[in-house]
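Colleague: take this sequence and fold it.
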Amino acid sequence: MTMLVPKARVHHSPPRFQASPWHDCHPGKLDLEQRLPPDHLARVIDQAVARLDLTGLRAAYHGTGSDAHPPERLLAVVLFEMRRGQHRPAAWHRDAAECEPVRWLLRGATVARSCWYAFRDRVGPLLQTLHQQVLRQALDAGLTAATRAAVDGTLVAANASRHKLLNAEALQRRAQQLAAALADDAAAAALTQAPSVTPRPAAAAADTAAVPPPPAWLATTAAGRRQQQRRLQRGQERLAELHGRNNHKWPSKRKAAAAVVVSLGDPEAVVARDKEKVYRPLYNMQIVDDLDSPLILGYDVLAQQNDAGVLAALLARFCDQAGHALQELLSDGSYAGGADLAAAQAAAVTVYAPVPGDGVKTPKKIPKKDFAWRAAEQTYVCPQGHRLVLEESWQEKRSDGAVQVWRYRCPAGHCRGCPLQPRCTTTPDKGRAVTRQEHDDLIDALRARMAAPAAQALYKLRKQTVELVNADLKQHRQLRRFSGRGLARVRAEVGLLVLAHNLLTLVNEEHKAKAQQDRAAAASSQSKGT
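Modeller: Coordinates of the predicted model:
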């Protein structure tokens with residue numbers, strides 16, 4: 001009888017960290033410190049990182065191998081570099097040797113290039129927790145109530161070429177060529193391990209000379225070809241997912257199979273047109289900005305080209321971080337779809353946004369909003385006072401599910417003799433038809449809410465907050481193209497930018513409050529003296 005021996009548990013020893021080469025009184029540290037202005041960004045970042053509890057980050061290290069660099073030193077450098085628009089770990093490694101503020105932040109440590117890449121991947125999953133710490137500190141300090149916010153999304157280019165997009169046929173062709181190359185690699189490895197090799201006949205050598213050259217995309221080494229195979233498999237899985245979504249759409253909105261493409265450089269990115277009308281791999285960055293302070297309350301990065309259907313996840317994430325829900329949210333019309341408004345209503349959030357379609361100045365025909373909905377009678381009334389009749393209902397497919405739709409039609413007898421007929425319908429013999437979806441009551445309520453002057457005045461705050469944040473991230477922080485590849489790394493990149501922004505905001509707001517208190521105390525003492 002065979003005894004089953006349980007596997008031994010792996011016990012990791014506590015992580016070990018190096019001591020900083022420069023102590024507080026070290027000549028090298030003091031020499032660099034004298035050249036840094038009192039309000040230098042490196043000094044502010046160094047003070048801000050000291051506010052964070054990095055227990056989780058320290059626990060992410062294992063007590064194996066050589067002693068690790070102190071994570072607070074690495075985090076301070078990364079936040080400093082991200083704030084300056086340096087997103088690549090290779091740039092962090094270069095600046096660690098050439099940039100005096102970075103050398104001062106490292107306290108004389110010499111960090112290998114690979115350590116910067118490893119640190120980026122290690123800190124990524126913990127950024128939501130660190131962001132939560134900063135937000136809780138701001139709430140405790142009374143800097144904001146975090147109940148009013150504005151949300152906006154912007155497209156950022158992925159770290160992948162827009163000239164190498166492949167559809168299913170091209171992927172299959174590459175898979176066959178790569179499989180043949182890997183088979184040749186296996187045969188060559190077997191020949192090198194054989195005890196004796198028989199010389200090839202001259203005919204075989206001639207056949208080999210006639211073999212066409214390998215394609216330009218094929219890696220030149222066996223290890224590189226194995227890596228290409230793993231990336232190609234991820235690309236095939238992603239393409240199968242995209243084909244599934246495409247097949248779920250209505251035939252009128254469905255792409256041709258050959259038009260569904262993926263980038264092997266970053267298969268998780270969505271391929272679409274950005275604001276410059278460039279067709280390329282993209283990610284959608286979502287920012288939730290506070291209306292009452294310069295803080296960023298939440299963020300996310302999605303692999304989709306539009307903002308529809310993202311509100312539920314953003315509101316849930318914010319509630320987890322802040323410990324309470326938002327009360328008011330300003331957005332553009334892309335967040336004002338029925339499903340998003342239903343998610344906001346379930347979270348007790350009041351949305352202020354323009355109703356999609358209402359901004360058309362000269363519509364081709366009388367718009368649906370001019371038809372009055374009679375809830376008690378469950379029907380529409382046209383501008384001439386005629387009641388529409390329910391004709392049919394159906395389930396309409398959407399990318400995130402399906403919605404119920406009802407069609408109401410005005411009797412043809414009313415439409416034929418109607419004075420508004422040329423502006424209302426081109427088929428008076430059938431009668432004008434109007435559709436209603438299951439969340440249209442929420443859209444009607446939004447339209448009525450946005451008509452109030454107070455709502456219009458509140459909505460003006462959106463362009464003063466979240467749109468400025470997105471512009472700052474793209475222009476001043478150089479976020480035009482992501483450095484990492486895959487959702488995990490691009491989310492870490494945005495998370496580091498948000499963490500640096502919020503830490504600096506927290507420190508600056510506290511300095512402003514302290515300066516204001518000092519001025520008030522000085523004025524009070526002066527008035528008492530007089």
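
Colleague: please make it C-alpha for all contacts and neighbour counts, starting now.
Modeller: Fine.

Colleague: check contacts around residue 36.
Modeller: 43, 101 (Cα atoms under 8 Å, 6 or more residues apart in numbering).

Colleague: helix or strand with the lowest mean pLDDT in the chain?
Modeller: Every helix and strand in the chain was compared by mean pLDDT, DSSP states H and E; the lowest is helix 202-209, with a mean of 50.

Colleague: all the strands of the chain, in order from the start?
Modeller: For the chain, the strands defined by DSSP state E occupy 148-157, 165-166, 262-263, 270-273, 279-290, 296-302, 328-330, 350-352, 372-374, 379-381, 389-398, 401-409, 433-437.

Colleague: and of the ones you listed, who's closest to residue 322?
Modeller: Nearest to residue 322, of all the strands of the chain, is strand 296-302, at 8.3 Å by Cα to Cα.

Colleague: what lines up beside that closest one in the sheet?
Modeller: Under the criterion DSSP bridges, strand 296-302 sits next to strand 279-290 (antiparallel) in its sheet.

Colleague: show me what counts as buried in the partner strand.
Modeller: For strand 279-290, burial by neighbour count (16 or more other Cα atoms under 10 Å) applies to 280-290.

Colleague: and for stretch 54-72?
Modeller: Buried residues in stretch 54-72, counted by 16+ other Cα under 10 Å: 54, 57-58, 61, 63, 68-72.

Colleague: can you get me the start-to-end distance on that stretch?
Modeller: Using Cα to Cα, to the nearest Å, one end of stretch 54-72 lies 7 Å from the other.

Colleague: before we move on, what about stretch 415-429?
Modeller: One end of stretch 415-429 sits 7 Å from the other (Cα to Cα).

Colleague: run the chain-centre distance for that stretch.
Modeller: How far stretch 415-429 lies from its chain's middle: 47 Å, per Cα atoms, centre = their mean, to the nearest Å.

Colleague: and stretch 237-251, by the same measure?
Modeller: The answer for stretch 237-251 is 21 Å, by Cα atoms, centre = their mean.

Colleague: residues contacting that stretch, please?
Modeller: By Cα under 8 Å, 6+ apart, the surrounding residues in contact with stretch 237-251 are 167-168, 254-255, 257, 260-262, 267-268, 397-399.

Colleague: now distance to residue 161, pLDDT and neighbour count too, for the residues you listed, in a markdown table please.
Modeller: Formatted as a markdown table, the contacts of stretch 237-251 follow (distance: Cα to Cα, whole Å; pLDDT from 0 to 100; neighbours: other Cα atoms under 10 Å):
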| residue | distance to residue 161 | pLDDT | neighbour count |
| --- | --- | --- | --- |
| 167 | 15 | 95 | 17 |
| 168 | 18 | 94 | 19 |
| 254 | 25 | 88 | 15 |
| 255 | 22 | 91 | 14 |
| 257 | 21 | 92 | 13 |
| 260 | 16 | 94 | 18 |
| 261 | 13 | 95 | 25 |
| 262 | 11 | 96 | 27 |
| 267 | 11 | 94 | 26 |
| 268 | 13 | 95 | 25 |
| 397 | 33 | 75 | 13 |
| 398 | 30 | 72 | 12 |
| 399 | 27 | 65 | 13 |
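
Colleague: out of these, what pair is the most spread apart?
Modeller: Spatial extent of those (Cα to Cα) is set by the pair 267 and 397 at 25.8 Å.

Colleague: so which residue is smack in the middle of the protein?
Modeller: For the chain, the residue nearest the mean C-alpha position is residue 301 (1.0 Å; Cα atoms, centre = their mean).

Colleague: find the nearest non-adjacent residue to it, please.
Modeller: residue 285 (4.4 Å; Cα to Cα, 6 or more residues apart in numbering).

Colleague: can you read off the pLDDT for the residue nearest to the centre of the chain?
Modeller: Listed pLDDT for residue 301 reads 96.

Colleague: residues contacting the residue nearest to residue 301?
Modeller: Neighbours of residue 285 in contact, by Cα under 8 Å, 6+ apart: 153-156, 299-302.

Colleague: break this structure down into its structural domains.
Modeller: 27-141+500-514, 165-187+220-264, 368-438 (automatic domain parsing).

Colleague: now the end-to-end length of the shortest one.
Modeller: Same thing as domain 165-187+220-264. Domain 165-187+220-264 has its terminal residues 7 Å apart, counting by Cα to Cα.

Colleague: do the longest one as well
Modeller: Start-to-end span of domain 27-141+500-514 (Cα to Cα) is 32 Å.

Colleague: helices and strands around the longest helix along the chain, which ones?
Modeller: The longest helix of the chain (DSSP state H) is helix 487-529. Counting contacts by 3 or more Cα pairs under 8 Å, 6 or more residues apart in numbering; DSSP states H and E, helix 487-529 packs against helix 41-49, helix 71-83, helix 113-123, helix 127-140, strand 296-302.
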